[in-house]
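**Q** what follows is a predicted structure for the sequence shown.
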Amino acid sequence: MDGFSSIADLAKLKEGEVKIRGWVYRQRGSDKFKFILIRDPTGVVQTIITKEEVNENVWETAGKLYIESSVIVKGKIKPDERAPGGVEIQVTGLEPVSIGEPYRLQKDFSTEFLLDQRHLWLRSQKMKQIMKVRHHLTIYLNEFFDNKGFYQVVPPIIVKNACEGGSQLFEMKYFNEKAYLSESGQMYGESLIFSLGKIYVWAPSFRAEKSRTVRHLAEYWHLEPEMAWYSHEDNMKLQEEMLEFVVQKLIKEHEDLLVALGRDVDVLRHVKGPFPRITYDQMVEKLQDLDVKFEWGQDPGADEEKALTADMKVPLIVEKYPAGMKAFYMRRDPKNPEYMLNDDMLAPEGHGEIIGGSERIWELDELLEAMKKAKLDPNDPSYSWYVDLRRFGAVPHSGFGLGMERLLKWVLNLDHIRDAIPYPRVINRVYP
Ligand code: 4AD
Ligand code: MG
């Protein structure tokens with residue numbers, strides 16, 4: 001556009017006059033030379049200003065620039081073996097677009113400060129690269145489901161139901177009544193399989209998480225496939241195929257980004273299905289073998305999940321939890337009704353749960369029974385529509401939920417989930 005080259009393109013050009021636009025990334029110099037690193041979304045290039053070779057105006061302007069000033073630079077490409085793209089630019093013209101103010105992110109790099117300055121910190125190389133990976137994973141997930149004949153659908157965000165038990169609902173005033181920010185789009189997703197067969201909801205979910213952890217957000221992006229006719233077995237297979245597809249495609253197409261972010265790509269190469277599977281009961285035994293304090297009937301938390309997967313390179317599936325331990329809609333195993341046809345997928349390297357899924361109760365009587373146990377009123381209009389789905393041509397079906405930021409945290413081996421999203425919402429922060 002307008003004769004500008006992107007910084008990534010410079011390497012291909014190798015020589016000639018070019019014009020680039022971007023932001024000052026670093027600068028240093030003497031009274032004869034100035035070296036200004038310019039960044040744009042595609043890369044970083046070193047530009048050199050030689051006092052003797054440019055007019056006074058250019059030299060003076062260069063002296064006024066700050067980190068992050070926006071500029072247009074003209075010059076000649078010079079090959080330079082040590083430079084990242086193999087080239088640098090000998091400047092002939094320099095035009096400030098906005099010199100601005102001295103940059104704020106120079107000395108204080110404490111976590112809280114960088115979170116306060118998130119709108120600026122997103123310009124860092126690390127955050128930029130993470131956001132690129134997020135984009136690619138988003139595209140691959142869409143591609144995976146599209147290839148398999150799924151339709152993407154949207155759920156309402158303002159709801160009256162508590163899909164996951166409701167202990168973590170954000171309450172809101174909806175005109176004259178009480179409503180909630182959705183904690184899962186699953187129930188609405190289920191309603192759409194009757195027309196579309198296989199769907200996936202992709203929307204934000206909200207959890208009023210009272211605890212501060214490295215893996216909980218109050219607002220996260222939730223991908224929730226739901227499939228008519230799928231069994232528990234089919235459901236787990238789909239989860240495996242999905243993770244293998246997106247991870248292997250990311251390695252194939254963007255290994256450079258993974259390397260730039262310090263990810264051990266060889267570990268990720270192991271992510272190929274089928275993944276190891278254990279039952280809840282086997283998990284309890286395993287935890288006891290590992291000397292982790294844990295009793296049958298408890299839901300494993302971060303510490304237990306870490307212990308289970310710390311040395312693993314592929315995800316671990318834990319299936320068949322004791323009946324009633326999780327959400328009301330999970331179907332019991334007809335062969336062993338003390339247990340449910342559900343699974344949690346635990347990411348390797350200690351990252352913990354990234355997926356929760358199950359076969360759904362699809363028979364009316366069974367659902368009414370489960371709702372009674374969960375103290376949910378099947379005639380309450382917040383839930384009666386969901387019960388209706390079991391009255392008109394019900395079919396067996398299954399589905400699961402994947403947390404997008406949990407996926408990124410594992411794939412990039414991030415220390416904290418907040419870096420998987422541009423503007424994290426956690427207990428003590430709703431800004432910027
Ligand atoms: O296990 P959860 O609560 O299951 C559901 O919401 C089901 N309705 C999903 C379904 O079957 N359609 O949440 C599913 C996933 C978790 O495995 C985790 O990856 C992510 O959502 N998740 C969170 N991610 C970030 N912050 C939080 N507070 C999260 N809570 C759940
Ligand atoms: Mg869960």
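**A** Sure, I can see it. Ligands and ions are numbered 1, 2, ... in the order given.

**Q** what parts of the stretch 151-300 of the chain come near ligand 1?
**A** By C-beta under 6 Å from any ligand atom, the residues of the stretch 151-300 of the chain that approach ligand 1 are 163, 164, 184, 186, 207, 209, 216, 217, 220, 222, 224. C-beta coordinates here come from the backbone N, C-alpha and C atoms, glycine included.

**Q** among the residues you listed, name the ones in helices.
**A** Among these, the residues falling in helices (DSSP state H) are residue 186.

**Q** strands - which of the residues of the stretch 151-300 of the chain next to ligand 1 land there?
**A** 220, 222, 224 (DSSP state E).

**Q** so which of the residues you listed wins on neighbours?
**A** Within those, residue 224 tops the neighbour count with 26 neighbours, counted by other C-beta atoms under 10 Å.

**Q** which residues does that one bridge with?
**A** The partner list for residue 224 in beta bridges (DSSP bridges) reads residue 201.

**Q** what distance do you get for residue 308 to residue 290?
**A** 8 Å (C-beta to C-beta, to the nearest Å).

**Q** whoops, residue 223 was the one
**A** 31 Å.

**Q** those two: which is more packed in?
**A** Under the criterion of other C-beta under 10 Å, the comparison of residue 223 against residue 290 puts residue 223 first, with 23 against 12.

**Q** tally up the residues packed near residue 58, please.
**A** Applying other C-beta under 10 Å, I find that residue 58 has 20 neighbouring residues.

**Q** who's in contact with it?
**A** 49, 91, 92, 93, 94 (C-beta atoms under 8 Å, 6 or more residues apart in numbering).

**Q** which SSE is the second one in?
**A** Under the criterion DSSP states H and E, the helix or strand holding residue 91 is strand 87-98.

**Q** so what strands line up beside that strand?
**A** strand 43-50 (parallel), strand 70-79 (antiparallel).

**Q** phi, psi for residue 63 please.
**A** Main-chain dihedrals, residue 63, degrees, to the nearest 10: phi -70, psi -20.

**Q** what's the closest non-adjacent residue to it?
**A** Among residues not flanking residue 63 along the chain, residue 34 sits closest, at 7.6 Å (C-beta to C-beta, 6 or more residues apart in numbering).

**Q** how would you label the most far-flung residue of the chain relative to its centre: helix, strand or coil?
**A** The C-alpha centroid of the chain is most remote from residue 52, which lies 50.0 Å away (C-alpha atoms, centre = their mean). Here residue 52 is helix, with the state taken from DSSP: H, G, I helix; E, B strand; the rest coil.

**Q** that one and ligand 1, how far apart?
**A** 57 Å (C-beta to the nearest ligand atom, to the nearest Å).

**Q** repeat that for residue 297.
**A** Distance from residue 297 to ligand 1, by C-beta to the nearest ligand atom: 18 Å.

**Q** go on, residue 14?
**A** 46 Å.
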